[in-house]
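Trainee: Got a sequence here, can you model it:
(2 chains)
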Amino acid sequence: GNSVTQMEGPVTLSEEAFLTINCTYTATGYPSLFWYVQYPGEGLQLLLKATKADDKGSNKGFEATYRKETTSFHLEKGSVQVSDSAVYFCALSDGGRNDMRFGAGTRLTVKP
Amino acid sequence: GAGVSQSPRYKVAKRGQDVALRCDPISGHVSLFWYQQALGQGPEFLTYFQNEAQLDKSGLPSDRFFAERPEGSVSTLKIQRTQQEDSAVYLCASSLVGGASSYNEQFFGPGTRLTVL
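Mentor: Predicted coordinates:
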């Protein structure tokens, strides 16, 4: 079945450091891929998405490229800020199903 | 505008009690999803409604779990005879149109944290 594996955390970085959070997936079809972010005390928010191979999703300085050959969708940001501290979830949806599959989440803490 | 709201935000139940968790989706959203998020894990799908119709309940872990959306708006997730393994955060999400496609962003509520003692 469909599944998502993401880099275990927690991840602690200094402000302005480069961020990579790895995500790989297993899917039988051609899924769409997402990154969600959960700030403390808030609900999950969509950060970015990509719907087909080689698509790049980007938002708020974050970006991720849908790599079909490596079944990956790694999240990157060139210079993190303290306000980026949150839990990040990689997810996929298969258009033929109603459920969205999530990874276990990666907690990011950015220190000033 | 108002987002998805859930109540209560926290619920403590004794083992064996019944609980009811409420979700108020964004007004006009057709689809409503329930997820269960165990500590340190990602959300796992429970069930899906399109308007008042429950189209998918494949993720409900047992027949103690029951969900309804009688008027196609507010939804209630009910857990009967709660067990300790039911302790989790229960998330509700709504989306404007049907299904979980890439063109159909899901908006999540803050969740209800259920602790079963």
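Trainee: So which other helices or strands are in contact with the helix or strand bottoming out on mean pLDDT in chain A?
Mentor: For chain A, counting by mean pLDDT, DSSP states H and E, strand A:100-102 ranks last in confidence among helices and strands (a mean of 89). Strand A:100-102 is packed against strand A:3-6, strand A:86-93, strand B:44-50, with contacts defined by 3 or more CB pairs under 8 Å, 6 or more residues apart in numbering or on different chains; DSSP states H and E. Bear in mind the C-beta positions are built from the backbone N, C-alpha and C, glycine included.
Trainee: wait, which of these is closest to residue A:16?
Mentor: Proximity to residue A:16 (CB to CB) singles out strand A:86-93 among those, at 17.1 Å.
Trainee: Just the CA trace of that closest one, in PDB.
Mentor: Extracted C-alpha coordinates of strand A:86-93, given in PDB (Å, rounded to 0.1, in the frame of the first residue of the first chain):
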ATOM      1  CA  ALA A  86       7.400  23.600  14.000                       C
ATOM      2  CA  VAL A  87       6.700  20.000  13.100                       C
ATOM      3  CA  TYR A  88       6.800  19.200   9.400                       C
ATOM      4  CA  PHE A  89       4.800  16.400   7.800                       C
ATOM      5  CA  CYS A  90       5.300  14.800   4.400                       C
ATOM      6  CA  ALA A  91       2.100  13.400   2.900                       C
ATOM      7  CA  LEU A  92       0.800  11.800  -0.200                       C
ATOM      8  CA  SER A  93      -2.600  11.400  -1.800                       C
END
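Trainee: Residues contacting it, please?
Mentor: A:2, A:4, A:6, A:21, A:23, A:25, A:27, A:31-40, A:44, A:47, A:73, A:75, A:99-103, A:105-108, B:42-43, B:100-102 (CB atoms under 8 Å, 6 or more residues apart in numbering or on different chains).
Trainee: now, which of these lie within strands?
Mentor: Assigned to strands by DSSP state E, the following of those qualify: A:4, A:6, A:21, A:23, A:25, A:32-38, A:47, A:75, A:100-102, A:106-108.
Trainee: Using PyMOL, make a named selection holding only the buried ones among these.
Mentor: In PyMOL syntax, the buried subset of those is picked out as below (16 or more other CB atoms under 10 Å in any protein chain shown):
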select buried, chain A and resi 4+6+21+23+25+32+33+34+35+36+37+38+47+75+100+101+102+106+108
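Trainee: Might you list the low-confidence residue ranges for the chain?
Mentor: Here I'm looking at chain A. Residues of chain A that meet the criterion pLDDT under 70 lie in A:95-98.
Trainee: think we crossed wires, I meant chain B
Mentor: Within chain B, the set of residues satisfying pLDDT under 70 comprises B:1, B:98-103.
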